[in-house]
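Asks: what follows is a predicted structure for the sequence shown.
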Amino acid sequence: MTHCFRPIPQFICRAVLIALLSVQTLSAQESKAPPAVKADQLGSTRNVHSFGLNLLCGQPSESEFADAKKRGIKVVITLRSKGEIDWDEAGLVKKLGMEFHDHGFRDPADLTDKVFDGVRAALKQSSEKPVMVHCASANRVGAVWLAHRVLDAKIPVEAALAEARAVGLRTPAFEERAYAYIAAEQKKAAAHEKSVKPGINANFLSPEFDASQWQARFEVESREVFAHRDKVVAAVGVKPGNRIADIGAGTGIYSRAFAAAVGAEGKVVAVDIVKGFLKHIEERATAENISNIATVLCSEDSVDLPENSIDAAFVCDTYHHFEYPQSTLASIHKALKKGGALVVIDFDRIPGKSREFILGHVRAGKDVFRSEIEAAGFEFVEDVKIDGLQENYFLRFRRP
């Protein structure tokens, strides 16, 4: 079967994107922000740019893959199609102990959704596993980077385009293909589950967000989930070597506590929709010499974690902030290993008994939340009583 690729006019794709992204409150100054990528070097490799520990570049030589590994690269993604090089790159990369992913394409028609999806999946985990994405000259790299930065980093389209062109994007058809993919993904996102409480996360997503202000509110002894965090961690029951996701990690109260509980062989994945919280967690972890916390910027309807990647998921005073609970729960279910635990701590909303703040802020009570979680395929295990928790309940579920 022959497929004919007909590029979507750039001005149409851009107009669609502007309409879909109009809900974001972005200032003109933000939309003209300079590229976040930086020119770099890797031996004689062409057109090298770095973004944190990640590398975006043209084709490295055989010896330069070893240099990339020394710089911390753990995953190599090639965008070159079969026949473009005459040596075994996959074998070399694997011999060096790095992961190798082949998402090769040459023509715009071959730049499929599957390519975008595969590269984005790796880049989402790049804070834990630094990635090198390469093609021949970084032209193709720029196209996938454009999609990643708009959809996953949620930066303005024009800022992402500036980065992509700095990286190496120069083929209009690749740019148009990226715009078409972004528009389709944004359309799918707009058609998903209806929000159960629009605006519930507005304070956190405000341009004036300041993590230190939330730290002053969250990390005080008058907040019972802070005061009794040691009891909560003990009740969750994680073991050394476990991998646990702290979903809605906030200032990282429990991320840091779980880091000690799972030990050096374990891992804590701090997941949040707020970049400022994740930056705060990373800075605190560095200051306190904690090396087993990774951060993941998730979307409002998914935790954006790989399938079967965690032993436990922990959600503390955050379930009522799930604007799209069924979609988010489905993503947690997918991320948990079989038999993995989901622990949900939330405010006990009881009309006539709970504080006015809880009645106005939390959309439903324990029974409703439990039924939603069970409807998502989780098996209820127990309602755990924690001495000192008076306004909060502790529910344990498992993935069958």
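Replies: Ah, there it is.
Asks: so which residues of the stretch 301-400 of the chain form strands?
Replies: Here the stretch 301-400 of the chain has its strands, by DSSP state E, counting those that start in this stretch, at 310-316, 336-347, 379-384, 392-398.
Asks: neighbouring contacts of the third one?
Replies: Contacting residues not belonging to strand 379-384 are listed as 235, 341, 370, 373-374, 393-400 [C-beta atoms under 8 Å, 6 or more residues apart in numbering]. In this view, the C-beta of every residue, glycine as well, is placed from N, C-alpha and C.
Asks: could I get the strands of the stretch 301-400 of the chain as a markdown table with distance to His103?
Replies: Formatted as a markdown table, the strands of the stretch 301-400 of the chain follow (distance: least, C-beta to C-beta, whole Å):
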| stretch | distance to His103 |
| --- | --- |
| strand 310-316 | 25 |
| strand 336-347 | 26 |
| strand 379-384 | 37 |
| strand 392-398 | 35 |
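Asks: could you pull up phi and psi at the residue nearest to Ala143 when sequence neighbours are not counted?
Replies: In space, and not counting its chain neighbours, Ala143 is closest to Phe174: 3.9 Å by C-beta to C-beta, 6 or more residues apart in numbering. Backbone geometry at Phe174, expressed as degrees, to the nearest 10, gives phi -70, psi -40.
Asks: now for whatever helix or strand Arg149 lives in, which elements pack on it?
Replies: Assigned by DSSP states H and E, Arg149 falls within helix 139-151. Packing partners of helix 139-151 (3 or more C-beta pairs under 8 Å, 6 or more residues apart in numbering; DSSP states H and E): strand 54-57, helix 113-124, strand 131-134, helix 157-167, helix 172-190.
Asks: please identify the deepest-packed of those.
Replies: With neighbours taken as mean count of other C-beta atoms under 10 Å, the helices and strands packed on helix 139-151 reach their highest mean count in strand 131-134, at a mean of 28.
Asks: which residues does the residue lying closest to Ala160 once chain neighbours are set aside contact?
Replies: Once flanking residues are discounted, Ala160 sits nearest to Arg149: 3.9 Å by C-beta to C-beta, 6+ apart. Neighbouring residues of Arg149 by C-beta under 8 Å, 6+ apart: 155, 159-160, 163-164.
Asks: tell me the one of those nearest Asp86?
Replies: Within the contacts of Arg149, proximity to Asp86 (C-beta to C-beta) peaks at Ala164, which comes in at 29.0 Å.
Asks: correct me if wrong: that closest one contacts Gly142.
Replies: Yes: taking C-beta atoms under 8 Å as the definition, Ala164 is a contact partner of Gly142 at 4.1 Å.
Asks: still on that earlier bit, out of the strands of the stretch 301-400 of the chain, which one sits most buried?
Replies: Of all these, strand 310-316 carries the top mean neighbour count, a mean of 25, counting by mean count of other C-beta under 10 Å.
Asks: and that strand, C-alpha only, in PDB?
Replies: Provided in PDB are the C-alpha atoms of strand 310-316 (Å, rounded to 0.1, in the frame of the first residue of the first chain):
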ATOM      1  CA  ILE A 310       6.600   0.900  40.800                       C
ATOM      2  CA  ASP A 311       6.000  -1.300  43.900                       C
ATOM      3  CA  ALA A 312       3.700   1.300  45.600                       C
ATOM      4  CA  ALA A 313       1.900   4.500  45.000                       C
ATOM      5  CA  PHE A 314       1.300   7.000  47.800                       C
ATOM      6  CA  VAL A 315      -1.200   9.800  47.500                       C
ATOM      7  CA  CYS A 316      -1.400  12.100  50.600                       C
END
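Asks: for stretch 48-58, how far is the first residue from the last?
Replies: 7 Å (C-alpha to C-alpha, to the nearest Å).
Asks: hmm, who's touching it?
Replies: For stretch 48-58, using C-beta under 8 Å, 6+ apart, the contacting residues are 36-42, 45-47, 68, 71-73, 123, 126-127, 130-138, 141-142, 145, 166-168.
Asks: got it, and stretch 363-377?
Replies: Applying C-beta under 8 Å, 6+ apart, the contact partners of stretch 363-377 are 196-197, 200, 319-320, 325-326, 329-330, 332-333, 342, 344, 346, 348-350, 380, 393, 395, 397, 399-400.
Asks: dump the C-alpha coordinates for that stretch into PDB.
Replies: Taking Å, rounded to 0.1, in the frame of the first residue of the first chain, the C-alpha atoms of stretch 363-377 are listed here in PDB:
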ATOM      1  CA  ARG A 363     -15.500  17.500  46.800                       C
ATOM      2  CA  ALA A 364     -16.600  14.200  48.400                       C
ATOM      3  CA  GLY A 365     -16.200  11.900  51.300                       C
ATOM      4  CA  LYS A 366     -14.300   8.700  52.000                       C
ATOM      5  CA  ASP A 367     -17.000   6.300  50.600                       C
ATOM      6  CA  VAL A 368     -17.200   8.200  47.300                       C
ATOM      7  CA  PHE A 369     -13.400   8.200  46.900                       C
ATOM      8  CA  ARG A 370     -13.200   4.600  47.800                       C
ATOM      9  CA  SER A 371     -15.800   3.600  45.200                       C
ATOM     10  CA  GLU A 372     -14.000   5.600  42.500                       C
ATOM     11  CA  ILE A 373     -10.800   3.800  43.300                       C
ATOM     12  CA  GLU A 374     -12.400   0.400  43.300                       C
ATOM     13  CA  ALA A 375     -14.100   1.200  40.000                       C
ATOM     14  CA  ALA A 376     -10.700   1.900  38.500                       C
ATOM     15  CA  GLY A 377      -9.700  -1.700  39.100                       C
END
